[in-house]
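Novice: Got a sequence here, can you model it:
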Amino acid sequence: MGRKVYVGNMSYETSQADLEQMFGDHGTVESAQVITDRDTGRSKGFGFIEMSSDEEAQAAITALNGKDSGGRALKVNEAKPRTSGGGGGGGYGGGGGRSRY
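Specialist: Numbers count the residues shown, from 1 in each chain. Modelled structure (predicted):
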C-alpha cells in the first residue's frame, strides 16, 4: 500500500480545496491535485491525493470509495505507478509504394 490515492468519477466542479477538505477528515493531506485538460483547463473528473502515511491513505480509501459527491459515486483506490513508455506507438503507416501502372 502506498500513500498516493487515485480519486475518480469526480464532479467536474470539484476543486483542489474540495479534495483537501474531503480527505483531511481522514488524516494529513500532503498534496492534492485535480487533473485538468491542458487545452481547456477544465477538470478531467479525476485527481490524486497524497496522504502522510499508508494507514491514513487506507482509511481514506475505505471511507470515501463509493461515497456520493456532487451526485456521483467516487472511485477511490491506491494510485498505480505510471507505466513507462508513454502513449501511442508511431510505427510506419501502410500504403506501400507507388504503383507504376
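Novice: mind listing what residue 55 touches?
Specialist: For residue 55, the contacting residues are residue 27, by CB atoms under 8 Å, 6 or more residues apart in numbering. (Each C-beta comes from the backbone N, C-alpha and C, glycine too.)
Novice: Now do the same for it: helix, strand or coil?
Specialist: helix (DSSP: H, G, I helix; E, B strand; the rest coil).
Novice: any idea which element residue 34 lies in?
Specialist: Here residue 34 sits within strand 29-36, counting by DSSP states H and E.
Novice: ok, that strand: who's next to it in the sheet?
Specialist: Strand 29-36 pairs in its sheet with strand 43-51 (antiparallel), by DSSP bridges.
Novice: pLDDT of the strand it pairs with, averaged?
Specialist: Across strand 43-51, pLDDT averages out at 96.
Novice: now the helices: where do they sit in the protein?
Specialist: Along the chain, counting by DSSP state H, helices occupy 16-24, 54-64.
Novice: So for the strand holding residue 34, what gets flagged as buried?
Specialist: 29, 32, 34 (16 or more other CB atoms under 10 Å).
Novice: hang on, the earlier thing: mind checking which of the helices of the chain is nearest residue 43?
Specialist: helix 16-24 (9.8 Å; CB to CB).
Novice: Show the end-to-end separation of stretch 7-17, please.
Specialist: Stretch 7-17 stretches 14 Å from its first residue to its last (CA to CA, to the nearest Å).
Novice: Correction: the previous question concerned stretch 8-15.
Specialist: With CA to CA, one end of stretch 8-15 sits 13 Å from the other.
Novice: and it, which residues are buried?
Specialist: Neighbour counts over stretch 8-15 (16+ other CB under 10 Å) mark 8, 10, 14 as buried.
Novice: Run a quick neighbour tally on the closest residue to residue 11 other than its chain neighbours.
Specialist: Counting by CB to CB, 6 or more residues apart in numbering, residue 11 lies nearest to residue 70, which is 3.0 Å off, once chain neighbours are set aside. Residue neighbour count, defined by other CB atoms under 10 Å, stands at 12 for residue 70.
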